[in-house]
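1. Model the following, please.
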Amino acid sequence: MAQSTCRLITMFVYGTLQKGQPNHVLMTNTNNGEAKFIGRGRTTKKYPLVIASEYNIPFLLYKEGHGKNIQGEIYEVDEQMLVKLDELEDHPNFYERELTTIDVTQNAKGDQLSTEKECWCYFLKKYKPRMLDLPYLESYDSNGDHGLKYVESENLSDPDCI
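-> I've put the predicted structure just below:
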């Protein structure tokens, strides 16, 4: 019997999809596909990570060289999970998925590393310039000291709400 091969996609998540965050359940639900935690890392380039909208959504703005090196988690996901992630992020209408270089700082066991990996990441490319005036974060936690707890909503893909 031939074993089927499944293409795995390496994703970098920095917001509500991380462990302990409001949308992480999507990553752990095997009905959505496979998501295997690979480790932790940070973007090699600086970007603005801000919290905006009435829903307190973390947005990674596509403005290379501004902001901070963003910390997050690295996963290998199958194509089925990628479809679910793209649906959540409304790719390519709202967020756009793009390859970016991640400095892998820790493996799944917690061992410290220093290696680079190309990962897919969701960026907000169409944003209002005033979003660049918001405080820049290095890492995201919905319960962080910023006091801007994430609010779930079905209407996240409206750029005018930002």
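
2. quick one: buried residues of the longest helix seen in the chain?
-> Across the chain, the helix with the greatest residue count (assigned by DSSP state H) is helix 79-89. Neighbour-count burial for helix 79-89, counted by 16 or more other CB atoms under 10 Å, picks out 81-82, 84-86, 88-89. The C-beta positions use only the backbone N, C-alpha and C, and glycine is treated the same way.

3. Ok, stretch 68-79 next?
-> 69-75, 77-78.

4. Quickly run through the sheet partners of the very next helix or strand once past the longest helix of the chain, with directions.
-> Using DSSP states H and E, the helix or strand that follows helix 79-89 in sequence is strand 95-107. Strand pairing for strand 95-107, determined by DSSP bridges: strand 35-47 (antiparallel), strand 112-124 (antiparallel).

5. And the contacts of the last one?
-> Think strand 112-124. Contacts to strand 112-124, defined as CB atoms under 8 Å, 6 or more residues apart in numbering, come from residues 9-14, 39, 41, 43-44, 47, 59-62, 74, 85, 89, 91, 94-107.

6. which of these count as buried?
-> Buried by 16+ other CB under 10 Å: 10-14, 39, 41, 43, 47, 59-62, 74, 85, 89, 91, 94-97, 100, 102-104, 106-107, out of these.

7. So what pairs up with Thr100 in the strands?
-> Counting by DSSP bridges, the residues bridging with Thr100 are Cys119.

8. That one: what's it in contact with?
-> Residues counted as contacts of Thr100 (CB under 8 Å, 6+ apart) are 12, 43-45, 118-121.

9. Repeat the analysis, applying 10 Å as the threshold.
-> Residues in contact with Thr100 (CB atoms under 10 Å, 6 or more residues apart in numbering) are 12, 43-45, 47, 60, 62, 64, 70, 117-121, 123.

10. One more: Val83?
-> For Val83, the contacting residues are 32-33, 77, 91, by CB under 10 Å, 6+ apart.

11. I'd guess Gly147 is in a strand, am I close?
-> No - counting by DSSP: H, G, I helix; E, B strand; the rest coil, Gly147 falls outside a strand, being coil.

12. Let's see the pLDDT reported for it.
-> pLDDT for Gly147: 88.

13. low pLDDT regions in the protein?
-> Residues of the chain meeting the criterion pLDDT under 70: 1-6, 154-162.
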